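1. The sequence and its predicted three-dimensional model are supplied below.
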Amino acid sequence: MKTEVLIVGAGGGGYPGAFRLSEAGMEVLMVDPKGELGGNCLYSGCIPSKTIRELAQLHWRNRRLLDSRDPPDFNKIQERKDSVQLTRFVQHRKELTVHKGVSFVKGEVKFINNHRAIVQGEEVEFKYAVVATGSTPSRPHFPGAELCLTSDDLYSYRTSFRKLPQEMVIVGGGYVALETATFFNALGSKVHILVRSDRALRSIDPDLGGLLLKLLDPNIDVRYNSPILEVSKVGEKYEVLFSSSGNKDKLTADVVVVATGRTPVVPEGLEKVIEITQRGFIKVTDSMRTSSSNIFATGDVNGLAPYFHTAVGMSVAAANNIMSGNIDSDRVDVRGIPVTVFTIPPASYVGLTRSQLRTMNIPFIETSFQLGDDSMAQMYDERGGEIRLFFERSSLRFLGAWVVGIHSGFLINELTQAVVNGLTARQMSNVAEQHPTTNEAIAYAVRKLI
Ligand SMILES: Cc1cc2nc3c(=O)[nH]c(=O)nc-3n(C[C@H](O)[C@H](O)[C@H](O)COP(=O)(O)OP(=O)(O)OC[C@H]3O[C@@H](n4cnc5c(N)ncnc54)[C@H](O)[C@@H]3O)c2cc1C
């Protein structure tokens, strides 16, 4: 069998590029063992976790603002999550019928060389390949690690995890750990987070991370410098033994979740064909090209920025580079891509923020607005947090921003437009932000400079 382009994996790094190539008249074979489009984002990541987030937030708002005392029906929440996932699987199936140039096959790709692979036991010859095989939860090494759940167990389509735990221990200090902690805390579970080092959210600006951590519900018990020693099952519960300031300490919980990062999934045989980094990711240029000039790698598997929307951007860039005759017409600049930590409350950022600007010695000026003075934040009584904008000192060109607090994930999109298009403070201040929306906070912040 022959194809022009082989797309390996049908997640955000795979199908957007496949559709684009087929729209340009190219013949595409896309393969994924799930037999559905959407990858891990839809199967066990973004969509299911954010459905739970929204419902947990609804429950929490009802409790806080309307004094509702009804306990959450967690099984119903999981059913709702499954139905959202199913809606999107069906939507993707329809999209496939429109893109007739894409043949979609359920299976796993193994590479023979840089022009041949095995799909469903059959040899396939390809001109180009886009490898978008994503990542999988890492499992740390400590006795009893196999007793712990991962995000896949919590969020997968039709998961058997249907009972709300009374007490939960989460191991890890990244965004999946913190998001999960706030969702289950909002639903009424007692949540403990054990962070190995002295800091959580190490990948984001420390000032931003510090602001977010201060805003989290103090009922969430966060313990730093607390590496796990052992997890064991005692009756129906789990005992978690960990180190704490040189001593041993213990927690008991109904479930223990490990959220200690993700490991790239590199298809079998590919390691003989292209360069892999020391940390196991596929090495790519900013045009998504691997060390083999006809093979591209997009999404989590290249380790550049592990988010769905970055995977989509990379997928489209790889497709454009193939369509333009295998030249680097498109490049991906991950700094122009917004990131949100969807905790309750959330935090978002885009572009260059304080710590990077200082490190890069770029003279800058910053302005801010406290969300406590925003009407929408007052309506929800979620008044903690701020919006903070960073501008180049001489030109007042907008360089980056963070938002901590209500609606940050929405606000950051408008700020991304401004960063990517290099707007100045004057241009941003000319916009009439709608009332009453949290977007007004952007105008209030920027007008302080004019
Ligand atoms: C709990 C959780 C919450 C998240 N929340 C968000 C969020 O809110 N926003 C956000 O932007 N990102 C979020 N992410 C990250 C997001 O899910 C990933 O960045 C995104 O899924 C990456 O897309 P991808 O296409 O690179 O990989 P994936 O979505 O992992 O897709 C890879 C696909 O490749 C397939 N595959 C693997 N090996 C082979 C093979 N040999 N042959 C063929 N196919 C293969 C797999 O079956 C899979 O379907 C979250 C992740 C987790 C774990």
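-> That came through, no problem. Numbering: from 1, shown residues only.

2. residues in the protein within reach of the ligand, list them.
-> Contacts of the chain with the ligand, taken as CB under 6 Å from any ligand atom, map to 8-14, 31-34, 39-41, 45-46, 49-50, 108-109, 132-135, 151, 155, 176, 265, 267, 299-301, 306-309, 311, 342. Where you see a C-beta, it was placed from the backbone N, CA and C, and this is true even at glycine.

3. Centre-most residue in this protein?
-> residue 307 (4.1 Å; CA atoms, centre = their mean).

4. What sits closest to the residue of the stretch 251-400 of the chain found nearest the ligand if chain neighbours are left out?
-> Closest to the ligand within the stretch 251-400 of the chain is residue 299: 2.0 Å, counting by CB to the nearest ligand atom. With sequence-adjacent residues excluded and distances taken as CB to CB, 6 or more residues apart in numbering, residue 299 is closest to residue 13, at 2.5 Å.

5. Work out the gap between the helix or strand hosting residue 320 and the centre of the chain.
-> In this structure, residue 320 is located in helix 308-323 according to DSSP states H and E. Distance of helix 308-323 from the chain centroid (CA atoms, centre = their mean, to the nearest Å) equals 17 Å.

6. Report the buried residues of it.
-> Under the neighbour-count criterion of 16 or more other CB atoms under 10 Å, helix 308-323 has 308, 310-323 buried.

7. Then stretch 34-46?
-> Judged by neighbour count (16+ other CB under 10 Å), stretch 34-46 contains these buried residues: 34, 36-46.

8. same thing with stretch 84-98?
-> Within stretch 84-98, the residues that qualify as buried are 84-85, 88-89, 92, 96, counting by 16+ other CB under 10 Å.

9. same thing with stretch 196-211?
-> 196, 200-201, 204-205, 208-209, 211.

10. Export the residues you listed as a markdown table, with columns for pLDDT.
-> Output for the buried residues of stretch 196-211, formatted as a markdown table (pLDDT from 0 to 100):
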| residue | pLDDT |
| --- | --- |
| 196 | 95 |
| 200 | 97 |
| 201 | 96 |
| 204 | 95 |
| 205 | 96 |
| 208 | 98 |
| 209 | 97 |
| 211 | 98 |
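
11. So for the residue nearest to residue 299, what's the pLDDT?
-> You'll see residue 13 listed with a pLDDT of 98.

12. And this protein, split by domain according to the record?
-> Following automatic domain parsing, one gets these domains for the chain: 2-137+263-334, 145-260, 345-446.

13. now the strands for the stretch 151-300 of the chain?
-> Residue ranges of the strands in the stretch 151-300 of the chain, as given by DSSP state E, counting those that start in this stretch, are 167-171, 190-194, 221-223, 228-234, 237-244, 247-253, 255-258, 262-264, 295-297.

14. Mark which of the buried residues of stretch 84-98 are part of strands, please.
-> Secondary structure from DSSP state E places none of these in strands.

15. one step back: keep only those of the buried residues of stretch 34-46 that are in strands.
-> Using DSSP E to define strands, no part of the buried residues of stretch 34-46 is located there.

16. Export these as a markdown table, with columns for pLDDT.
-> Shown next, in a markdown table, are those (pLDDT from 0 to 100):
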| residue | pLDDT |
| --- | --- |
| 34 | 97 |
| 36 | 98 |
| 37 | 98 |
| 38 | 98 |
| 39 | 98 |
| 40 | 98 |
| 41 | 98 |
| 42 | 98 |
| 43 | 98 |
| 44 | 98 |
| 45 | 98 |
| 46 | 98 |
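
17. and the residues you listed, which of them are in helices?
-> By the criterion of DSSP state H, membership of the buried residues of stretch 34-46 in helices covers 39-44, 46.

18. Closest one of those residues to the ligand?
-> The shortest gap between the ligand and any of these belongs to residue 39, at 2.4 Å (CB to the nearest ligand atom).

19. if I read this right, the closest one contacts residue 8, doesn't it?
-> No. If you go by CB atoms under 8 Å, residue 39 and residue 8 don't touch, sitting 11.4 Å apart.

20. For the two, list the residues in contact with both.
-> 14, 132 (CB atoms under 8 Å, 6 or more residues apart in numbering).

21. Can you give me the buried ones in stretch 325-332?
-> In stretch 325-332, counting by 16+ other CB under 10 Å, buried: 330, 332.

22. Give me the contacts around that stretch.
-> Residues from elsewhere that reach stretch 325-332 (CB under 8 Å, 6+ apart): 128, 285-289, 293-294, 304, 310, 313-314, 316-318, 320-321, 324.

23. Kindly recompute the last result at 6 Å.
-> With contact meaning CB atoms under 6 Å, 6 or more residues apart in numbering, stretch 325-332 is reached by 286-287, 313-314, 317, 320-321.

24. follow-up on the earlier one: list only buried entries from the residues of the chain next to the ligand.
-> Buried members of the residues of the chain next to the ligand, scored by 16+ other CB under 10 Å, are 8-14, 31-32, 34, 39-41, 45-46, 49-50, 109, 132-135, 151, 155, 176, 265, 267, 299-301, 306-308, 311, 342.

25. In helices only, show me those residues.
-> Among these, the members found in helices (DSSP H) are 39-41, 46, 49-50, 151, 155, 176, 308, 311.

26. ok, back up a step: could the contacts of stretch 325-332 go into CSV alongside pLDDT?
-> Below are the contacts of stretch 325-332 laid out as CSV (pLDDT from 0 to 100):
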residue, pLDDT
286, 97
287, 98
313, 97
314, 98
317, 98
320, 98
321, 98
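
27. Relative to the ligand, which residue of the stretch 351-450 of the chain is the closest?
-> For the stretch 351-450 of the chain, CB to the nearest ligand atom, closest residue to the ligand: residue 409, 8.5 Å.
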